[in-house]
Every structure is written in C-alpha cells, then in structure tokens.
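Visitor: Sharing a model prediction with you, sequence too.
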Amino acid sequence: MTTQPANPLATIAGPAPSGASIIAALKEAKIGTVLSVPDIVTSAGLLFPIADDNSFRLIRVCKEDEAVGISAGLSYSAERTILLIQYTGLLDSINAVRAVAVGYKLPIVFIVGLLEKEPGVPPKKSALYGIRIVEPILDAMGIEHHLIETQADVVRIRPAIEAAYASSRPTVLLIGQRPLVS
Amino acid sequence: MMKRDECFAVLARHCPDDIVVAVYSSAFDWVRIRPHALNYFAVGAMGLASSHGLGLALGQPGRKIIVLDGDGSLLMNLGSLVTVAAAAPRNFYHFVCENGTYEANGSHPIPARDKVDFSGLARAAGYPTVRQFDELDSFERAVAGVLAEPGPVFVDLKLVPGEPAPADFDSLYAPSRRDAFRQALGLQR
C-alpha cells in the first residue's frame, strides 16, 4: 500500500516501514538495550513488540535527558543501546545531547518519532513548526540523521548504527511514519 | 555536621577500586582524595550523574558503581530516582551530598532547602535501602555495611564543605580522563 501524500509539497512516497523489519535491523546491528520514553509514533509498531521480545533489555525512563546519560554510561561496555523517543523529547534534551553525545563523542543512537508529520512530506517542509526545526537543529549541532519514512529506508538503519559505533558519535533515525504492526 | 572532604576520605577507604561518578564540588574533592582511572567525571549536563551511573551499573554488573551526587544536581533529575528504582541494579550506590546550596555558582540555596526530604524522595521512588548520616563517626561505623547491602542503595549525606579543592574544570573533563577510564575497563575506542 502506498501512502497518499496529504501535502502539496510531498516528495516522499512509499509504504510505511514495518515494525518487524525495523526491529530486525536493530538486532542485526547488535542492539541489546532499548531506553524508552513514551512516543506515540513508535508505540504500536516498535515499543510493544520490543517489550515482548526477551532478546532486548527494555529500560523505561522518565525523561529523555536521563536516557542520554544512561546510554553514555552503557557506552563504556560492550552493550549497544538505542533511545526510543519522540521528537518533542529530543528537543527537550538538547543540552544533554550537546554536552554528552556531541561533546564527549559518544555513540548514542536515537530513534525519534516525528509525531504528526504529514506522510510523504519532508520534515523541513512540514506545516508543523516543531517538525520543521528538527533537522536544522541536528545539522547545526553536527549530528548525522536519517529519515526512515518508508519501507525502502529500513535498509539504512543498520549501517547508520554501525557507523555511529565505529566512529563513536551520535546519530538520529527520524521515523517519519508510524511503523506498521505486523 | 560532617565535612564533605572528611566524609569522602572515609568512603575512599572502602572503595579503593570501584567506579565513582562525581559531580562539581564533590568531584573536585574526590579527585584529590582518590585519584584513580576509574573516576568518571564526564557527566556533562547538570543533574545526570545518577543516569550515567545507572548506565555504568547496567553495563558493568561485576563492579560497584558509586555516585556522588549533589542535592541541587539531583533536583534537576528527580525522575532518575524512579528510573533507578525500577531498573534496580544491585551494584548501584547513590550518595547525595546535601549541603542545601548550589555551591558551584556562589552557594545560592536550593529550593525548599529546609523542607525537602531527600531520603523520603528516594524511599517513595522505590529505593529499597535508604540511609542518612550527618555525623562522621556514625558514617564511619556504618559505611562498610552500607556498601555490603545489595543495591540500589541511597545515602543522604548531610554535610558542609570542607577544605576548598581547586576547581579545575578543564582537568576534570579532559578527554584523557575518558580514555584512561575506558582503558581501565579494558575497552578499546
């Protein structure tokens, strides 16, 4: 099923990614721990399946900057970690991202739900102010980011995580559509 | 009331090779008392010591993690008490140096300094073991037992600053410290 763009600026088209394929990519990238703060976009397709999957250690965290600190501590081990959060929480935790992830050059990987982003519309062209500013902020901070909007984008997840750990730097995977529950 | 540096000198005798996460004035005192590669000062944004400590505790289950937090710092991250209690790492020891001030910026008082009950907050958040000390003698007698308890353990240290330690932030946050910490854990970059 192809998502119909709802915005005349739409340039991205394709089916929403399946949650199962994203989770498979996380496993291929050897992610063992998931630090979660509630996100509506990824709740059904990612968080519920992850919570039921014993191959992940799920830590439910009260706030996103906490998760940055926890991930930093975990980076001093063989454990690989992702933060599963909403873009509002990413914005809320910017100082922690600045000081810890960027400042200390740590491999902190964020999966960020772009809540209410219009399907098919690039984030920078969204009608929603909060969505529009996410990528420019990440660019200003020098943080690599990837849009995971369609099933075709899922193939980018593992290399992005591997690169973050290989070069010890943060990276952000922006989830543009709700992952499908499979 | 006990002095922080005297209190840390007692504590240091009981954790010669454990990982210690320390912040601000506590960090300056601690590094003078126990210089060690397993001191972790890279807490970055204020308030995150307990969160870094939790990550270390989860990633290094065979080592004790001792967090030397500040009262003002913890107030910036009270939710971490709940997160730690839920994760319940048995190797996590959370000491809070309660002096009632933001010492780093001129000792302005923390909010509700005469009302807030840090031990009560920790207990309500779900820490199974909570202790409180305001006299050096009683702390000295109890500290070995406290560190023998399974974590997470919360310890409220009511104290005052001791002898001022040099506030050398550049040294504290130097990349070489993080490299030494990593090497001490046997990790490669």
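Guide: Arrived safely, thanks for sending.

Visitor: what about the residue nearest the centre of chain B, which SS state?
Guide: The C-alpha lying nearest the average C-alpha coordinate of chain B belongs to residue B:68 (CA atoms, centre = their mean; 1.1 Å). What DSSP: H, G, I helix; E, B strand; the rest coil gives for residue B:68 is strand.

Visitor: isn't residue A:61 right next to residue A:37, touching?
Guide: Yes - Residue A:61 lies in contact with residue A:37 (CB atoms under 8 Å); the separation is 5.3 Å. Any C-beta I mention is one placed from the backbone N, CA and C, and that applies to glycine too.

Visitor: Quick check: neighbours shared by those two?
Guide: residue A:67 (CB atoms under 8 Å, 6 or more residues apart in numbering or on different chains).

Visitor: In chain B, which helix is the longest?
Guide: helix B:136-148 (DSSP state H).

Visitor: So what touches that helix?
Guide: Counting by CB under 8 Å, 6+ apart, B:2-3, B:6-7, B:10-11, B:14-15, B:64, B:93, B:129, B:131, B:133, B:153, B:155, B:157 sit against helix B:136-148.

Visitor: ok, the one residue in chain A that gets nearest to chain B - contacts?
Guide: When scored by CB to the nearest CB, chain A has residue A:73 as its residue closest to chain B, at 2.2 Å. With contact taken as CB under 8 Å, 6+ apart, residue A:73 is in contact with B:51-59.

Visitor: And for it, nearest residue in space, chain neighbours not counted?
Guide: Spatial nearest neighbour of residue A:73, chain neighbours left out: residue B:55 (2.2 Å); criterion: CB to CB, 6 or more residues apart in numbering or on different chains.

Visitor: returning to what we had before: which of residue A:61 and residue A:37 has more residues huddled nearby?
Guide: residue A:61 (30 against 23; other CB atoms under 10 Å in any protein chain shown).

Visitor: and that one, how far is that from residue B:79?
Guide: Distance, residue A:61 to residue B:79, by CB to CB, to the nearest Å: 8 Å.

Visitor: Same check on residue A:77?
Guide: Residue A:77 sits 23 Å away from residue B:79, going by CB to CB.

Visitor: what about the spatially most central residue of chain A, which SS state?
Guide: For chain A, residue A:111 is the residue whose C-alpha lies nearest the centre (CA atoms, centre = their mean; 1.3 Å). Following three-state DSSP, the label given to residue A:111 is strand.

Visitor: what sits against it?
Guide: Per CB under 8 Å, 6+ apart, neighbours of residue A:111: A:42, A:46, A:82-85, A:173, A:175.

Visitor: Show me which positions of stretch B:91-100 end up buried.
Guide: For stretch B:91-100, the neighbour count (16 or more other CB atoms under 10 Å in any protein chain shown) marks B:91-100 as buried.

Visitor: Report the two of those separated the most.
Guide: B:91 and B:100 (29.4 Å; CB to CB).

Visitor: about what we covered before: just the buried residues of the contacts of residue A:73.
Guide: B:51-59.

Visitor: Tabulate those residues in TSV, adding columns for distance to residue B:35, pLDDT and secondary structure.
Guide: Below are the buried ones among the contacts of residue A:73 laid out as TSV (distance: CB to CB, whole Å; pLDDT from 0 to 100; DSSP: H, G, I helix; E, B strand; the rest coil):
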residue	distance to residue B:35	pLDDT	secondary structure
B:51	25	98	helix
B:52	20	98	helix
B:53	20	98	helix
B:54	25	98	helix
B:55	23	98	helix
B:56	19	98	helix
B:57	23	98	helix
B:58	26	98	helix
B:59	23	97	helix
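
Visitor: Now tabulate those in JSON lines and tack on distance to residue A:13.
Guide: Converted to JSON lines, the buried ones among the contacts of residue A:73 look like this (distance: CB to CB, whole Å):
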{"residue": "B:51", "distance to residue A:13": "40"}
{"residue": "B:52", "distance to residue A:13": "42"}
{"residue": "B:53", "distance to residue A:13": "46"}
{"residue": "B:54", "distance to residue A:13": "42"}
{"residue": "B:55", "distance to residue A:13": "39"}
{"residue": "B:56", "distance to residue A:13": "44"}
{"residue": "B:57", "distance to residue A:13": "45"}
{"residue": "B:58", "distance to residue A:13": "41"}
{"residue": "B:59", "distance to residue A:13": "41"}
